[in-house]
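>>> structure for the following, please:
(2 chains)
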Amino acid sequence: MKFKKFLALTMACMLSVAALAGCGGGDKPTTGGSSEPKGLEAGETYEKDEIVNYTMFIAMPGSEINDGNEIQNIIAEKTGVKVKETWLTGQSAAEAVGSILASGDLPDFIDGGDGMMQLYDAGVLVPWDEYIEKYPNIKELYSDEEWESFRQKDGHIYWANVFCNTYGESMATGHNDEAFWIQCRVLEWAGYPEIKTLDQYFDLLERYAAANPTMEDGTPVIPYTMLCEDWRYFCIENAPEFLAGYPNDGSVIVDTNAMKIVDYNTIPEAKEYFSILNEEYNKGIIDTEFATQTYDEYIAKLSTGRVLGMCDQWWDFAYTVNDIFVQQNLDDIGCNYVPLGLTLEEGKEQMWHVYGDTLNNSSGVAVTTSCADPDRAFRFLNDVLDQEIHDLRFWGVEGVDYLVDEDGMYYRTQEMRDKWADSAYQAEHRCVYSYLPQWLGTSHDGKNAMQPQEQASEFFAGLADPLVKCFEAYGAHGYPDMIGSVVKETGPWYPMYSYSNSMTTETPGGVAWTKMGEVKHEWLPKVVMASNFDKEWDAYMKAYSECKPEDFIAEMQEELDRRAGR
Amino acid sequence: MKADLKIKKKPMKEKLNKNELHRQSVLLVFTIIFVIYGFIFYYLPLAGWIMGFQNYKIRDGLFHSQFVGFDKFIFLFQDKSFLRVIRNTLAMGIINLVATFVTAIAFAILLNEVRNKTGKKMVQTISYLPHFLSWIIVTGIIHDALSNTGIINEILMNLHVIDGPINFFAHEKYFWPIVAFANVWKETGWNAIIYLAAITSIDPSLYEAAEMDGAGRWAKIKHITLPGIRPTIMILLVMNVGNVLNAGFEVQYLLGNGLVRKVSETIDIYVLNWGVSQSDYSLGTAAGIFKSVVAIILIIIANSVAKKSGEEHLF
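Numbering: from 1, shown residues only, chains lettered A, B, ... in the order given. Sure thing, here's the model as predicted:
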């Protein structure tokens, strides 16, 4: 009896201790002991016990690499730092950042995407200022003016965008942005016609689908689909700005003649675009499930090769879908997508492709205050830009992933390319650190491309036959040529979305922006599916104007004036 | 169940003395642990309600944020979408409550009538298994089953009920029934367990006596089983009424989309959108306070109604 009582008491105590333990602070990241200079310049390598482990959260979906990844270990030996990346799953960026802030459990590095401003407001980021001066590779990333544009209201710089930054001469062959995409087999079937307008585009899709209603295995083709889920609804939402001939300012159009902000949701081009979509939907050309599909379902659909065309950003679908096309041999029958630069009337200039770098200063990589040794973290950001490390990240290990010919040019064999695209190999061998600072353009050796997809020889060798034929038929040297946008400088205000992305509900404009998003999420699919388009459009416009878009436009105009220096 | 919850009036209060305390020491230790647990996890977080009356900023913290009184509440009730999420939450809460309640009781009674022991055990086990699936899995299954090429559309088409597939998630009118169905599918078996337990505690001699009087199955259910589990039903009803505003978060969040946003968003999703995504913790807290207050009022009403009509009640 005594023993039982004792046992009960002990158990009760243990329970309460366990319940309380949950309140304790999280584990602090371990830091390396030695502070002597060591590393890339000294040409020394780090021992296992000297390597610092950092964590990084990226508010974008991505695939985690294995622990013990080979290139990650090589980089760790050379730089003394290993970064464990975690990615966004099933939430929006702002939600994920919000929950990280609410829990107080911050990673050492963070790229908060749309949630960057939340991180700044919470005061959990480490200023870059002194480190930019201290570390030459970091400083080299941007010109003084560009660095200035990252400066926040309190006078400090807290993050740097890692993308779209060209070193030396540009070697771009890709179109990383938005376009109406079409499978190259459709163009081949029609004898490579010139497709310049949205009408021609849908006409071609209709004719192809009528002649080839199914895939080889009997599943019906889907002529056109679009994604409306959460933040990815840009696939249906922002085409009017391009169709009207303007570049991707994201949330608004900038009328460069009058220097005025124009709301692209209400322009005549928007109504026409949606009425065309409505017509095609009622004809059965548009996927009936478009409005309710999730991103995963959308990607799964594209991966079967059934979808002939859609409007999307390259980075939103291509990396996953193209690898699957290779695995399923769908690339051989011409399922790969090529971009078209469409407008509503023929002969209008368009800017679907913007040549040169786009500086999005609204997000990027940041170091948080929970990093025990910020200097070490910034030294690592400097080291990953070192050419040797940069090559390891993007080209891989020499002799294993790429070879060097007598002229010093890097190249791959087909076997190497296939291996590089294999997802299992990617997890155990490749370590790109894709959201840490990086370069496009020409390598420090003056010959090779910083990233293999921009190496001219690699680009064409890596393309499937139907794609090569398609490019040849149009005389294109890369994706941008397929779009044929006008070469026009964008102003210093470009892109305006870097401002709307950082808006919060603190201001009336921010509240309007949030509500406009809610209304469009609901009404755009409704308008497309309407049986009486005009009536539905009027109802949409009424709901839209109730959000007070003018508050939003006014704040965007203020920012435009500031950026244009007026 | 019955004995635990009923508040028995004792004829005489026993005196508190050293001996009595010593005699019950083990029980007291257990009780104190739960009081401490409850204090830390249920009462301490209430201090955060202060945020609802501030313009809370993480940078300034709880102690330096500006007080704005009822501003956040005023914003809430002027926001049309907040009034809409209240409606959605109440509607789905009530539909779910009624649907899960009725099906669980009916299911328990039916199961009790099954004479084959193995069959009964098997049905019971299978039926409560979905309870252990997480909502992400359940919504995945439902999303697939109701898709254009899913099983439901296939069956309806093969039976020639419809000509082409229905896109169930594109219509506002289907959303609440789908959510109710999901809840019923997931929880019926689990909820029935408690009623089954209550049924087994009914004195078998009552059934025997009824049989002597010539009562059939239906009469026995109506006059013995149902009255027998009535106290359990009432207590669970009172407790669940307070939960009406917890109409759910995951189901609506995972099954909803832009088209049905007007009927799918619940208070919890609203809190997530404004509180976490927009970092307006104050607004989120204010909405949360509102929800708690309404829940307490609902419980008190339900409880006093139960009390007045002489039924089992909580307090």
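
>>> so where's chain A shaky on pLDDT?
A:1-39, A:41-42, A:566 (pLDDT under 70).

>>> how about 80 then?
For chain A, the stretches with pLDDT under 80 are A:1-44, A:90-91, A:171-172, A:489, A:505, A:565-566.

>>> what's the domain layout of it?
What automatic domain parsing lists as the domains of chain A is A:48-167+A:359-457, A:178-352+A:464-492.

>>> okay if I get those as TSV plus mean neighbour count?
The way it works is simple: take the backbone N, C-alpha and C, and place the C-beta from them, glycine included. Below are the domains of chain A laid out as TSV (neighbours: other C-beta atoms under 10 Å in any protein chain shown):
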stretch	mean neighbour count
domain A:48-167+A:359-457	18
domain A:178-352+A:464-492	19
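
>>> out of these, which comes closest to residue B:181?
Distance to residue B:181, taken as C-beta to C-beta, is lowest for domain A:178-352+A:464-492 among the domains of chain A, at 16.9 Å.

>>> can you tell if the closest one touches chain B?
Yes. Domain A:178-352+A:464-492 lies within reach of chain B by C-beta under 8 Å from any C-beta of the partner chain, at A:228-229, A:233, A:288-289, A:291-292, A:294.

>>> thinking residue A:165 is in contact with residue A:143, fair?
No. With contact defined as C-beta atoms under 8 Å, residue A:165 and residue A:143 do not form a contacting pair (10.7 Å).

>>> the helix-or-strand element of chain B with minimal mean pLDDT: what's the following helix or strand?
Least confident helix or strand, chain B: helix B:2-5 with a mean of 46, by mean pLDDT, DSSP states H and E. Remark: after helix B:2-5, the chain's next helix or strand is helix B:18-23, criterion DSSP states H and E.

>>> related to what we said a few turns ago, in TSV, list the residues of domain A:178-352+A:464-492 next to chain B along with secondary structure.
Listed next are the residues of domain A:178-352+A:464-492 next to chain B as TSV, based on DSSP: H, G, I helix; E, B strand; the rest coil:
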residue	secondary structure
A:228	coil
A:229	coil
A:233	helix
A:288	coil
A:289	coil
A:291	coil
A:292	coil
A:294	coil
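
>>> farthest pair in those?
Largest pairwise distance in the residues of domain A:178-352+A:464-492 next to chain B, by C-beta to C-beta, is 17.5 Å, between A:233 and A:288.

>>> stretch B:62-69 - what's its average pLDDT?
Taken as a whole, stretch B:62-69 has an average pLDDT of 87.

>>> straight-line length of that stretch, end to end?
14 Å (C-alpha to C-alpha, to the nearest Å).

>>> any residues touching that stretch, and which ones?
B:48, B:50-51, B:53-57, B:60, B:282 (C-beta atoms under 8 Å, 6 or more residues apart in numbering or on different chains).

>>> 6 Å instead?
Outside stretch B:62-69, the residues within contact range by C-beta atoms under 6 Å, 6 or more residues apart in numbering or on different chains are B:54-57.

>>> using TSV, lay out these together with pLDDT, secondary structure and neighbour count.
Formatted as TSV, the contacts of stretch B:62-69 follow (pLDDT from 0 to 100; DSSP: H, G, I helix; E, B strand; the rest coil; neighbours: other C-beta atoms under 10 Å in any protein chain shown):
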residue	pLDDT	secondary structure	neighbour count
B:54	90	strand	21
B:55	88	strand	17
B:56	87	coil	27
B:57	83	coil	18
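
>>> mind putting these into TSV with distance to residue A:472?
Shown next, in TSV, are those (distance: C-beta to C-beta, whole Å):
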residue	distance to residue A:472
B:54	65
B:55	62
B:56	61
B:57	58
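
>>> with respect to chain A, which of those is nearest?
Set against chain A, the nearest of these by C-beta to the nearest C-beta is residue B:57 (6.6 Å).

>>> what's the closest non-adjacent residue to the closest one?
residue B:65 (5.5 Å; C-beta to C-beta, 6 or more residues apart in numbering or on different chains).

>>> kindly report the same for residue A:407.
Leaving aside its chain neighbours, residue A:407 sits nearest to residue A:447 (7.4 Å; criterion: C-beta to C-beta, 6+ apart).

>>> now residue A:357, what are its backbone angles?
In terms of degrees, to the nearest 10, the main-chain angles of residue A:357 are phi -80, psi 140.

>>> who are the contact partners of it?
Shown in contact with residue A:357 (C-beta under 6 Å, 6+ apart): A:164-166.

>>> possible to save the residues you listed as a markdown table with secondary structure and distance to residue A:131?
Below are those laid out as a markdown table (DSSP: H, G, I helix; E, B strand; the rest coil; distance: C-beta to C-beta, whole Å):
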| residue | secondary structure | distance to residue A:131 |
| --- | --- | --- |
| A:164 | coil | 22 |
| A:165 | coil | 18 |
| A:166 | strand | 23 |
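
>>> return the member of those residues nearest to residue A:278.
Nearest to residue A:278 among these, with distances taken as C-beta to C-beta, is residue A:164, at 34.9 Å.

>>> residue contacts, the closest one?
A:357-358.

>>> just residue B:25 next, same as before
Applying C-beta under 6 Å, 6+ apart to residue B:25 gives no contacts.

>>> would you map the strands across chain B?
Ranges of strands within chain B are B:54-55, B:66-67, based on DSSP state E.

>>> residues in contact with the first one?
Same thing as strand B:54-55. Under C-beta under 6 Å, 6+ apart, the answer for strand B:54-55 is B:65-68, B:282.

>>> now the buried members of those.
B:65, B:68, B:282 (16 or more other C-beta atoms under 10 Å in any protein chain shown).

>>> how about the nearest residue to residue A:428 once chain neighbours are set aside, secondary structure?
The shortest distance from residue A:428 to any residue other than its chain neighbours is 5.1 Å, reached at residue A:66 (C-beta to C-beta, 6+ apart). Under three-state DSSP, the three-state class of residue A:66 is coil.

>>> got a pLDDT number for the residue lying closest to residue B:264 once chain neighbours are set aside?
The shortest distance from residue B:264 to any non-neighbouring residue, by C-beta to C-beta, 6+ apart, is to residue B:256 (3.5 Å). Residue-level confidence at residue B:256 comes out at 88, pLDDT.

>>> next up, phi/psi of residue B:256, please.
Dihedral angles for residue B:256 - degrees, to the nearest 10 - are phi -70, psi 160.

>>> so how far is residue A:401 from it?
44 Å (C-beta to C-beta, to the nearest Å).

>>> equivalent analysis for residue B:82, please.
55 Å.

>>> and the residue of the stretch 301-450 of chain A nearest chain B?
Closest approach between the stretch 301-450 of chain A and chain B, counting by C-beta to the nearest C-beta: residue A:301, at 11.0 Å.

>>> so what's that residue up against?
Contacts of residue A:301 by C-beta under 6 Å, 6+ apart are residue A:307.

>>> give me that answer again for 10 Å
A:222, A:225, A:227, A:287, A:289-290, A:293, A:307, A:310, A:321 (C-beta atoms under 10 Å, 6 or more residues apart in numbering or on different chains).

>>> same list, those, but as CSV with secondary structure please.
Listed next are the contacts of residue A:301 as CSV, based on three-state DSSP:
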residue, secondary structure
A:222, strand
A:225, coil
A:227, coil
A:287, coil
A:289, coil
A:290, coil
A:293, coil
A:307, strand
A:310, strand
A:321, helix
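
>>> just for chain B, where's the confidence low?
B:1-16, B:278, B:309-315.

>>> which residue is the nearest non-sequential neighbour of the residue in the stretch 101-250 of chain B that chain A sits nearest to?
Using C-beta to the nearest C-beta, the single residue of the stretch 101-250 of chain B nearest to chain A is residue B:169, 4.0 Å away. In this structure, residue B:169 finds its nearest non-sequential neighbour in residue A:292, 4.0 Å apart by C-beta to C-beta, 6+ apart.

>>> need the contact list for the one you found.
A:228-229, A:525, B:143, B:146-148, B:167-171, B:255-260.

>>> which residues touch residue 121?
Going with chain A. A:101, A:152, A:504, A:506, B:57-60, B:279.

>>> actually, chain B is the one I wanted.
Neighbours of residue B:121 in contact, by C-beta under 10 Å, 6+ apart: B:111, B:114.
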